[in-house]
Every structure is written in structure tokens, then in C-alpha cells.
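> output the structure for:
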Amino acid sequence: MGSPLRSTSRNDTERAMIRGEWIALGAIIALALTLRLIYLHEIQDHPLFRTLMGDPAVYFAQARDIAQGKLVPEHAYFHSSPLYPFFLALVARLGGADFEPIRVVQSMAGTLSVLLIFLLSRLTVGTRSGLIAAFFAALYVPLMFFEGEVLEITLVITALLGSLVFLQLADRGGGPWKVVAAGALLGLAGLGKPNLLLFAPVGALWLALHGRKDRERRARVVRVLPAVLFFAAAGVMILPATVHNFRAEGDFIPVSSNGGINFFIGNHKNSPGVFQVPPEMRFDLRLASKSVAERETGRSLSAGEVSDFWAGRTLADISANPGRWLTLMGRKFVLFWNHYEIPNHYHLYYVALFAPVLRIPVGTFGVVAPLGLFGLVLAVRRRKRVGLLILFGLSFMASVVPFFITGRYRLAIVPVLLVGAGFAVESLWRAARGKDWRTLAVAAISIALLSAAVGIDTIEFSFAAMHNAVGTIRGRQGDMAGAAEDFRKAVEANPDDLSARHNLGLAFLELGRHDEAAEQFRQAVVRHPRYYEAWLGLGRADAEAGRTAAALEAWGAIVDMEPPAPAGVLAEARALISEARLPDKDLEQRRENR
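As a prediction, this is how the structure comes out:
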């Protein structure tokens, strides 16, 4: 008799569900939706969720353009999702321009993902495991958190799960429409996260080599037809973006043109392996990366050429010190599997301070990853079906680690881990009922070792960026004293947060506290000598404090920079210098004429 950990019947993936299982599934779906609505209630009045910043603001601006008839930008797509602004425009058309309808629809999509995780797990390892996986998914905190963000990742996960479900269904037969649906859904997911498209050839190969046995008796061309249809359907879905990019730039860019700069961010010689951009690029990564590339090459560049420039620079860094890069890749592999949710927009652990639903202890990567990995190892004997998920997981990891690691960018691995976690818990329960203590001991040791590896504290982000964001919002609302206090908290949390120092300096300027403003700008440029905005701010602070010579020195630092500062910054610095040198009566006249 085999071990209880390996005794699940294959028929459990095909039998009809009984009444109790239907009731359990309904309760899990209700729980998932309830928790998500509670979360939306908890965040609805916080300043962070009443305005948009960063990528969400870019997407929302694009959605407004679409609503006004401007369907595509003049340049190639840069941000990851060409399709998401259309979703935002549609929701705004149907539900109004507020953010709440967007979050409600995304929460419904997240609830649908819980159901899809059940279906995927049921098709792969059985109904009981599927119910457990769905329960974990209903409680999984990062899924809820990102459903509250105005970002594409929730819809990406839903489309990806649909693709994996249809691939599993296609393996059972029933016509080519299933592989076409699987490919189309993968293409939709790829329009949100282009790195997912790496799975298109992998999934096609799986279909060609591991299809139903009766295909072996057919002609070779018929056996590979599902693979061709899957791959082609994915390609058709991204084709509009590819065509637009070619028409706009003359380059072959399948989805978006940010691959080169993202590769640089994750691999340059000073990269920590997470999303950290130089201060001079923080305002607009597309324009800043293009400006630097054109300045250094001395000519105008298309979007594809800009991407190639940054990829080439990164490869040069790698070839100059391959040992450092291999160490960095190892670090990113560890970060990919670490329990910590690395932020690159809002900070999950900060939001959890005012959203208690995000504190559910079992709904974390630190719990799901060890169980999921253990369960996938147990389920390997179902090679054909579990093998698909393992292949996806490996291809997905291979598409993320070469760039940089964040909690959002690794989220697509979680559905695979949830399937494994469901199978692990069911197998452990079966072993406990069978009083197989030896097997349980081996399982406990294995899961403990995996938990220890995943749970190592290797990185931590302060709340500085969140205090900075709240301060920015308060400043826009005219509460400069409140903004200054938030910026001060940000600088205290991370003295090297240059954005927070710059913003604190601006707030002090608005409050007439010129000496304090100058000190913050000075600290910023000491830490980063090419922080143009801080040099401009330092000059203004000195000028308003009556220190004209010091102001001229600050602005002159921009003029004297090598390599030169961007043209717009140079022009502003020279204009300020010219103005500062005017006699007082001419200066007042110029200010009145503005």
C-alpha cells in the first residue's frame, strides 16, 4: 500500500461534485467577495486611495484620452499594458469617473480568479484539493491588496488563470476552440504583463508533446495543430499593439518598449535587484530614459533604439563584471522566493496599518509558498497535468528574475503555488487520518525547511515612500503644513530618500522657511550630485533668503555639469541666472509680466 501522501485517485479530477462540495465552493466564493468588499470599505477614505499617482495616474490619463476619441498614443506603448486604459475608459463610461467602480469590478474579477483557481486545481489534482486551494486564494492578502490598486495586475491574473484552465480542458479533448481560447487569454494577459508571453512557446511545446495519447495515431500535422492554434491565438491578441508600435516608431515592438530600461534598472552595476530608478528619471521614466539615451548617442532615437541603448549599456556592465552580475542574479532568485512583499507603488504593509483585512496571517506568501512547493513535488507523478503548471512556473520565473523583483511582478506564480498548497494540505490530512506518523514527520520537516528558507529576512522597505506619497497629496490639496510633516516622517524613515528630501524642501519653500528648505536641497545634492531639481530648488531657497551669490552658484552647477544636463533643465537654470542678475526694478517688472 502506498503512502497516504500519494494515494489520491486520478478519478478525483474527473468525477462529478457532490452536494457538500458545491456548498463548500459557494461558501468560499462568498467569503472571497465579502473580504474584498470589506477591504474596499477600509481604504475608501484614505488619501492614498482618493487620488492617483505613478502608473495609475498614467493609465487614467490615457483612459481620458480614449474617452475623448484619442485611442492610441503618438509614440510606441511604453507602460506594460496597452489594454488596461480601455478597461478604465469602459468602467468610467458605465459607472462614472470615480475610482470606486474600478475597484469593485476588479474585486469581482479577483473573486472570479478564486473560482478559476478551484477549477484549475480540480482539473489538475482533484476536487478536495481545489476547495482548499480556493480557500487559500480567498484569504490571500496580496491578491486583495492589488485588486484595490488602479493597476492591470488583477485582470492579468484572471486572464492567465483562464488560459491555464482551458489548456487543462484541451488536454481532455473537445475540439480546437479550447486551445484557441487558452491562447487568446494568454495574449490578453501578455498585453498586461508582456513577460508572460514567454509561456506561449512553452505551452505550445507542451501541447505538441504531451497531448492526448490518441493523437499519437494521427498524422504529425494534426498532432501539432493545437500547439499552432494556441501560439497563433496569443499572437493575434497582441497584434494590434505590435502594429501600432511599428506605425509609430518603425520598430518591431511586440507590446511595450520599456524592456531595455527595465533590464538596466534590474542589472546595472549598482542595482539592488529591485525597482529603484535614478532620481533624475523618477518623474517620467519614458521621457527621461529617452533623453539620456539621445544625449549620450548624440542623435534622435526611436523607442526601439532607446530600449536597445539601455539593453546594450546593461550588457556592457555585465560583461565588465560577470561575477557581480551572477551574485545579483542569485540575490534576485532569493528575493523572488522570499516572504517579503517588495513594493514598487503602494506598500502593502503600510496599507495594512489602516486596513485590518490585510493582516490575515495565513494569506501570505510565507505560508503559501512552502506548502505550494511541497505539494507540487508530491504531485509530480501526475506529470502531464501538474507538469503544465510546473513548466509555467519555471518559464515565468525565468521571465522575471533577469529584470527586477517586486511583489506585484511575481504575483503570477501564486496560482501555481495555491494549487500545490491545496494538494499538500489534503495529502497531510489524509496521512493524519491514516495515522502515518512517519510520513507526517517527513512532511513536517520538509515544510519547515522550506518555510525557513522563504522566511529569511533579506530585505525590508521603510514607509518613507508612503509618507512621501501622502505628503504629496496633502500638498496638492493646499495643506502645506501637513505635507511638510509627512515629508519629515519620510526623511526620518529613510534619510537617503531623495524624493522626500526634495519635496520637504519644496514644502519649506512654500511655508517661507528658506533656510530649512536650503538644507534639505543641499542634503539631496550631496547624496546625488546630478539631482537637477534639487539644485534648482537650492538656488530658489538661497535667492528667496537673499543669498544671491549662493543661488547663482547652485544654478551654475547645473550649467557646468558634464555630461550636460537635459536641455529643459539647462534652459531653466540659465533663465534663473539671468533673472537673478537683473537690477531690482527690472526684476520686479519681469515678474509682473509673467
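> so for the helix or strand encompassing residue 465, what gets flagged as buried?
Residue 465 belongs to helix 464-476 when elements are defined using DSSP states H and E. Neighbour counts over helix 464-476 (16 or more other C-beta atoms under 10 Å) mark 464, 465, 466, 467, 468, 469, 470, 471, 472, 473, 474, 475 as buried. C-beta here means a position set from N, CA and C on the backbone, and glycine is covered the same way.
> what's the domain layout of the chain?
Listed by automatic domain parsing, the domain ranges of the chain are 4-252+340-454, 464-593.
> and those: which comes nearest residue 300?
domain 4-252+340-454 (11.4 Å; C-beta to C-beta).
> so for the closest one, what's the average pLDDT?
The predicted model gives domain 4-252+340-454 an average pLDDT of 91.
> how about the helices in the stretch 351-500 of the chain?
With DSSP state H, counting those that start in this stretch, the ranges of helices along the stretch 351-500 of the chain come out as 365-378, 383-400, 414-433, 437-454, 464-476, 480-493, 498-510.
> show me what the very next helix or strand once past the last one is packed against.
Think helix 498-510. Remark: after helix 498-510, the chain's next helix or strand is helix 514-527, criterion DSSP H and E. Judged by 3 or more C-beta pairs under 8 Å, 6 or more residues apart in numbering; DSSP states H and E, helix 514-527 is in contact with helix 498-510, helix 532-544.
> which among those is found nearest to residue 358?
helix 498-510 (23.9 Å).
> hmm, who's touching the closest one?
Helix 498-510 is contacted from outside by 279, 282, 464-465, 467-468, 471-472, 475, 480, 483-484, 487-488, 490-491, 494, 514, 516-521, 523-524, 527-528, 531, 533-534, 537-538, 540-541, 544, using C-beta atoms under 8 Å, 6 or more residues apart in numbering.
> 7 Å instead?
Under the contact criterion C-beta atoms under 7 Å, 6 or more residues apart in numbering, helix 498-510 has outside partners 279, 282, 464, 468, 471-472, 475, 480, 483-484, 487-488, 490-491, 516-517, 520-521, 523-524, 527-528, 531, 533-534, 537, 540-541.
> can you say which of these are buried?
279, 282, 464, 468, 471-472, 475, 480, 483-484, 487-488, 490-491, 516-517, 520-521, 523-524, 528, 531, 533-534, 537, 540-541.
> wait, doesn't residue 308 sit right on residue 260?
Yes. Using C-beta atoms under 7 Å, residue 308 is in contact with residue 260, at 6.1 Å.
> stretch 199-209: how far from the chain's middle?
25 Å (C-alpha atoms, centre = their mean, to the nearest Å).
> what are the buried residues along it?
Buried, per 16+ other C-beta under 10 Å, within stretch 199-209: 199, 200, 202, 203, 204, 206, 207, 208.
> let me have those residues in CSV, extended by secondary structure and distance to residue 360.
Converted to CSV, these look like this (DSSP: H, G, I helix; E, B strand; the rest coil; distance: C-beta to C-beta, whole Å):
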residue, secondary structure, distance to residue 360
199, helix, 30
200, helix, 35
202, helix, 33
203, helix, 33
204, helix, 38
206, helix, 34
207, helix, 37
208, helix, 42
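> switch these over to JSON lines; also include distance to residue 24.
Shown next, in JSON lines, are the buried residues of stretch 199-209 (distance: C-beta to C-beta, whole Å):
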{"residue": "199", "distance to residue 24": "31"}
{"residue": "200", "distance to residue 24": "35"}
{"residue": "202", "distance to residue 24": "33"}
{"residue": "203", "distance to residue 24": "31"}
{"residue": "204", "distance to residue 24": "36"}
{"residue": "206", "distance to residue 24": "31"}
{"residue": "207", "distance to residue 24": "32"}
{"residue": "208", "distance to residue 24": "37"}
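> let me know the closest of those to residue 182.
Nearest to residue 182 among the buried residues of stretch 199-209, with distances taken as C-beta to C-beta, is residue 203, at 7.4 Å.
> residues contacting the closest one?
Neighbouring residues of residue 203 by C-beta under 7 Å, 6+ apart: 167, 186, 230.
> which one of those residues has the most neighbours?
residue 230 (32 neighbours; other C-beta atoms under 10 Å).
> pretty sure that residue contacts residue 184?
No. Counting by C-beta under 7 Å, residue 230 sits too far from residue 184 to count as a contact (9.2 Å).
> and residue 329, what does it touch?
Per C-beta under 7 Å, 6+ apart, neighbours of residue 329: residue 401.
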